[in-house]
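Participant: pasting the sequence and the predicted model now:
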Amino acid sequence: MSVSKNYQENIDYLNSKLGVPDSFDIVLREMTVGGKKLGIYSVNGMVSRPASNIILDTFVEIEKADLIVNTLEKLVKYKIADLQVSEVEAMDEVIYFLLSGTMVIIVEGKNQAVIIDVRSYPARQPEEPDVERVTRGSRDGFTETLVFNTTLIRRRLRDPGLRMKLIQTGSRSRTDVCIAYIEDITNPDMVKYIERELKNIRIDGIPMAEKSVEEFILGSKFWNPFPRVRFTERPDVAAMHLLEGNVLIMVDTSPSVIIAPCTFWHHVQHAEEYRQEPVVGAYLRWVRFIAIFLSVFLLPTWLAAALNPHLLPETLRFIGVSEPAKLPLLFQALIGEIAIDMLRMAAIHTPTPLATALGLIAVFMLGDIAIAVGLFTNEIVLYLAISAVGTFATPSYELSQANRLARIFLLLMAGLFNFWGLGIGVLLLFFLLWRTNSFGVPYLWPLIPLDYKALKTIIVRHPVPIHNLRPSIFKPLDRVRQPRERPTRERPNPS
């Protein structure tokens, strides 16, 4: 439906659609300016009160001067004191902009509505993300407001080639989703594919924001826990990935930004490594690699060895169980894994002043007492603790949860089929990672397929290079490129 020249018809339609006056937060202010009726709509709490008052004062001054508003163009161009003013003709657009927080003005006798962007969303200030803390570096992080997030990116990249495309998803929620990329670096086929997939989302709304978007554009694979995109709340990390040729997907109401595509190695690197000297960063990276490796393989390997001490050489017999407990070792390991997850979830929901008390309860009641009564052995608690530390040392929260499930799978294989089961389980996990891809990018690149030059930058944290180093698997463009025809692809194929 289009905006009608009949003022009352427009007002009745909008009131019916928006539930005025049943919805108390939809505000309608009607006034007469220069002999013309104006209907001013806004959402209470989403518009800037000082800016809207200035605009209303302007209308009052027009009325006092007894000026006649002959044209909508005169009202828009000469009387409304605001930077972002536009005119729309469709009622669907009017409702969308209004519910997005803008001020809408219906003018008698005009078949267009005036949209004034005086939005002022309730929002928190940028602060350092809890999951991606660094000892030295920037302390600002993304927030739940999309405009704030794009500003944090623009502040770090003053590149005229930086593009921010806005798309609405959800037939009812009309959630704003922004695709950010650098035009003369990023593979254009990747951008087209992501944009097409976002436009093809058919659902009422995406209340889970970026996670819902990820599952829609990649498809949910229930049997594969490994994350195929990276999430970050740090603007400096996001800006660095833009320079490497990645695409950012930012969803309004979420402080987490999707980085696509990504590989397994994106999830095991941390900003802290680049905030220290190169040799210190390389050391920290290897400590993190060791922690991740131990979090997955240490407990299952120990379980297989403890269940088959006769297969161990004499020098390794000490790693077995000194005093057997009342429960089988496999049950102890599984109960311990579940207990750690219960404590983790309890810590999330526990108020900060009580978190210390929760830790004391976990140590004394669930640890010492369980050993004292003979439910657990000392060794199982030790290896569970080391595995938990490795899990928490994993930079990517999503990867740490996937590694936890991988460890439980290997525990079951080792507990049921000994070393043969452990070996088969490791091969199955490797096959899963080998078959996984992110937007067509192999998940284990540059290990498989092998790219030695790129692999060196992962193994060792190098000093900042003189020339830009961009992952060749993303097919980044040159800084200066000539216009050319590109073949249309159904799905990007960086390989």
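Facilitator: Arrived safely, thanks for sending.
Participant: from here on, contacts and neighbour counts on C-alpha atoms
Facilitator: Fine.
Participant: for Leu329, list the residues it contacts.
Facilitator: Applying Cα atoms under 8 Å, 6 or more residues apart in numbering, we find Leu329 in contact with Leu303, Leu307, Ile380.
Participant: and the nearest residue to Ile319 once chain neighbours are set aside, how many neighbours?
Facilitator: Using Cα to Cα, 6 or more residues apart in numbering and skipping the chain neighbours, the partner closest in space to Ile319 is Ala306 (7.1 Å). For Ala306, the neighbour count with other Cα atoms under 10 Å is 22.
Participant: is it true that Ala306 touches Ser322?
Facilitator: No - look at Ala306 against Ser322 with Cα atoms under 8 Å: they stay out of range, at 10.0 Å.
Participant: hmm, back to that, now name the helix or strand holding the residue nearest to Ile319.
Facilitator: Ala306 is part of helix 278-307, with elements assigned from DSSP states H and E.
Participant: what sits against Ser256?
Facilitator: Contacts of Ser256 (Cα under 8 Å, 6+ apart): Phe142, Thr143, Glu210, Phe231, Thr232, Glu233, Met250.
Participant: between these, which sits nearest Ser173?
Facilitator: Glu210 (13.8 Å; Cα to Cα).
Participant: give me the neighbour count for the closest residue to that closest one other than its chain neighbours.
Facilitator: Counting by Cα to Cα, 6+ apart, Glu210 lies nearest to Val251, which is 5.8 Å off, once chain neighbours are set aside. As a burial measure, Val251 scores 29 neighbours (other Cα under 10 Å).
Participant: how near is Lys199 to Ser171?
Facilitator: 11 Å (Cα to Cα, to the nearest Å).
Participant: picking that back up, and the contacts of Ser256 as TSV, adding secondary structure and distance to Val3?
Facilitator: Listed next are the contacts of Ser256 as TSV, based on DSSP: H, G, I helix; E, B strand; the rest coil; distance: Cα to Cα, whole Å:
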residue	secondary structure	distance to Val3
Phe142	coil	38
Thr143	coil	36
Glu210	helix	34
Phe231	strand	42
Thr232	strand	42
Glu233	coil	41
Met250	strand	32
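Participant: which one among these gets closest to Phe297?
Facilitator: Phe231 (25.1 Å).
Participant: quick one, longest helix in the chain?
Facilitator: For the chain, the helix that runs over the most residues, judged by DSSP state H, is helix 397-435.
Participant: give me the pLDDT for Tyr274.
Facilitator: pLDDT, Tyr274: 84.
Participant: Ala305 reaches Pro313, doesn't it?
Facilitator: No - Ala305 lies out of contact with Pro313 (Cα under 8 Å); the separation is 10.6 Å.
Participant: ok so, going back, would JSON lines of the contacts of Ser256 with pLDDT and distance to Gly336 be doable?
Facilitator: Converted to JSON lines, these look like this (pLDDT from 0 to 100; distance: Cα to Cα, whole Å):
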{"residue": "Phe142", "pLDDT": "93", "distance to Gly336": "35"}
{"residue": "Thr143", "pLDDT": "91", "distance to Gly336": "36"}
{"residue": "Glu210", "pLDDT": "83", "distance to Gly336": "32"}
{"residue": "Phe231", "pLDDT": "94", "distance to Gly336": "29"}
{"residue": "Thr232", "pLDDT": "94", "distance to Gly336": "30"}
{"residue": "Glu233", "pLDDT": "93", "distance to Gly336": "31"}
{"residue": "Met250", "pLDDT": "95", "distance to Gly336": "37"}
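Participant: is it possible to get a markdown table of those that adds neighbour count and distance to Ala51?
Facilitator: Below are these laid out as a markdown table (neighbours: other Cα atoms under 10 Å; distance: Cα to Cα, whole Å):
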| residue | neighbour count | distance to Ala51 |
| --- | --- | --- |
| Phe142 | 27 | 26 |
| Thr143 | 24 | 23 |
| Glu210 | 22 | 32 |
| Phe231 | 22 | 36 |
| Thr232 | 19 | 34 |
| Glu233 | 23 | 31 |
| Met250 | 28 | 27 |
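Participant: closest to Leu298 among the residues you listed?
Facilitator: Nearest to Leu298 out of the contacts of Ser256 is Phe231 (Cα to Cα; 27.1 Å).
Participant: and that closest one, how close does it get to Phe216?
Facilitator: 16 Å.
Participant: likewise for Asp130?
Facilitator: Taken as Cα to Cα, the span from Asp130 to Phe216 is 27 Å.
Participant: likewise Ala385?
Facilitator: Note on Ala385: its distance to Phe216, by Cα to Cα, is 36 Å.
Participant: now do Pro328
Facilitator: 42 Å.
Participant: so those two - more neighbours on which side?
Facilitator: Set Pro328 next to Phe216 and count neighbours by other Cα under 10 Å: Phe216 wins out with 16 against 13.
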